[in-house]
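S.K.: Give the three-dimensional model of this entry:
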Amino acid sequence: MGDASADTGRSGVQTVPPGKGPGRPTGSVGDATRRRIISIAMKHIGEYGYAKATLNNIAEDGGLTSGAVYYYFKSKKALVSAVIAEVTGQLLERFERAVTRADDLQGKLIAILEETIAVTDEMPDLAKFSVSVRVDGPRYPELRRALGHSTNSYYEFYKSIIEQGAAAGELKPGIDPRDVADMFGIISFGVTMLTVEVPGERHRSAIRTIEKLLTEGVFVPMSAVMKTEPAAG
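M.R.: Numbers count the residues shown, from 1 in each chain. All right, here's what the predicted structure looks like:
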């Protein structure tokens with residue numbers, strides 16, 4: 001295309017001739033670069049924490065210049081907030097699809113847990129990132145808004161399907177759907193923590209035990225225990 005065209009260096013990244021400013025990435029190229037930065041940032045935050053992760057290291061890991069990262073994200077706060085929003089959006093989309101495969105409230109909650117297993121297998125860096133930002137985030141005011149929005153989005157989703165179940169008579173009288181939503185949110189975060197602490201089959205077994213607790217229960221009623229105890233001689 002003549003002297004005005006950009007050359008491609010050994011790394012495969014386009015270099016701009018002297019006197020020319022970098023052009024705005026177009027279409028899918030720009031979207032792909034942005035997604036790659038978000039994915040690498042997720043990995044770095046999970047491994048090093050918010051304080052120690054740097055845009056320079058994220059850029060280097062992605063084979064990008066620092067300027068390329070700053071083009072999409074003006075600060076580390078902006079980048080991590082974008083990762084939180086991206087992760088929240090992706091998970092909620094998957095959870096929404098998962099619950100359509102179930103007919104009742106128990107089935108929907110179990111479908112979410114099963115989807116959690118699938119996500120963990122497909123995105124191994126997600127659990128570490130989620131735990132890291134939830135633990136470190138409250139210490140950094142710049143992340144509180146993003147974390148608060150994420151937490152509220154999950155809560156509202158859980159509450160909506162639980163309220164539907166309550167309206168259909170699937171909760172015992174006196175049980176507040178908001179309390180059940182809080183309970184399930186705690187379970188979900190605990191499952192994420194467990195993924196980081198004990199990844200692998202033990203994590204899956206724990207989720208399957210939670211599913212049994214939601215459906216048939218795992219405890220023998222005290223009345224039944226009393227019947228099986230030997231009489232005092």
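S.K.: can we go C-alpha only for contacts and neighbour counts from here?
M.R.: Will do.
S.K.: Residue 165 should be in a strand, yeah?
M.R.: No. With DSSP: H, G, I helix; E, B strand; the rest coil as the criterion, residue 165 is helix rather than part of a strand.
S.K.: That one and residue 158, how far apart?
M.R.: Distance, residue 165 to residue 158, using C-alpha to C-alpha, to the nearest Å: 11 Å.
S.K.: Quickly list what's touching both of those two.
M.R.: Here residue 165 and residue 158 share no contacting residue, scored by C-alpha atoms under 8 Å, 6 or more residues apart in numbering.
S.K.: how about the nearest residue to the spatially most central residue of the chain, chain neighbours excluded?
M.R.: Residue closest to the mean C-alpha point of the chain, counted by C-alpha atoms, centre = their mean, is residue 87 at 4.7 Å. Leaving aside its sequence neighbours, residue 87 sits nearest to residue 126 (C-alpha to C-alpha, 6 or more residues apart in numbering; 7.9 Å).
S.K.: Got phi/psi on the residue nearest to the centre of the chain?
M.R.: phi -60, psi -50 (degrees, to the nearest 10).
S.K.: Residue 101 should be in a helix, yeah?
M.R.: No. Counting by three-state DSSP, one finds residue 101 to be coil, located in no helix.
S.K.: How many residues are close by it?
M.R.: 11 (other C-alpha atoms under 10 Å).
S.K.: circling back to that earlier point, what about residue 165 and residue 158, which has more around it?
M.R.: Neighbour totals were compared for residue 165 and residue 158, and residue 158 leads with 24 against 18 (other C-alpha under 10 Å).
S.K.: where does the chain have low pLDDT?
M.R.: 1-27, 199, 217-233 (pLDDT under 70).
S.K.: Contacts for stretch 149-165, please.
M.R.: The contact list for stretch 149-165, computed with C-alpha under 8 Å, 6+ apart, reads 84-85, 88, 92, 104-105, 108, 171, 177-178, 180-182, 184-185.
S.K.: Go through those and say which is closest to residue 31.
M.R.: Nearest to residue 31 among the contacts of stretch 149-165 is residue 85, at 15.5 Å by C-alpha to C-alpha.
S.K.: what's the helix or strand for the closest one?
M.R.: helix 76-99 (DSSP states H and E).
S.K.: returning to that earlier point: backbone dihedrals for the residue nearest to residue 87, please?
M.R.: According to degrees, to the nearest 10, residue 126 has phi -70, psi -40.
S.K.: So what's the residue count around it?
M.R.: 22.
S.K.: so it sits right up against residue 41, yeah?
M.R.: No. Between residue 126 and residue 41 there is no contact under C-alpha atoms under 8 Å: 10.6 Å.
S.K.: Which neighbours do those two have in common?
M.R.: The contact sets of residue 126 and residue 41 do not overlap (C-alpha under 8 Å, 6+ apart).
S.K.: Show me the helices in the chain, by range?
M.R.: Applying DSSP state H to the chain gives helices spanning 27-52, 55-61, 66-72, 76-99, 105-122, 124-136, 141-167, 177-197, 201-215, 222-228.
S.K.: Tell me how far the fourth one lies from the chain's centre.
M.R.: Taking the mean C-alpha point of helix 76-99 and that of its whole chain, the gap between them comes to 6 Å (C-alpha atoms, centre = their mean, to the nearest Å).
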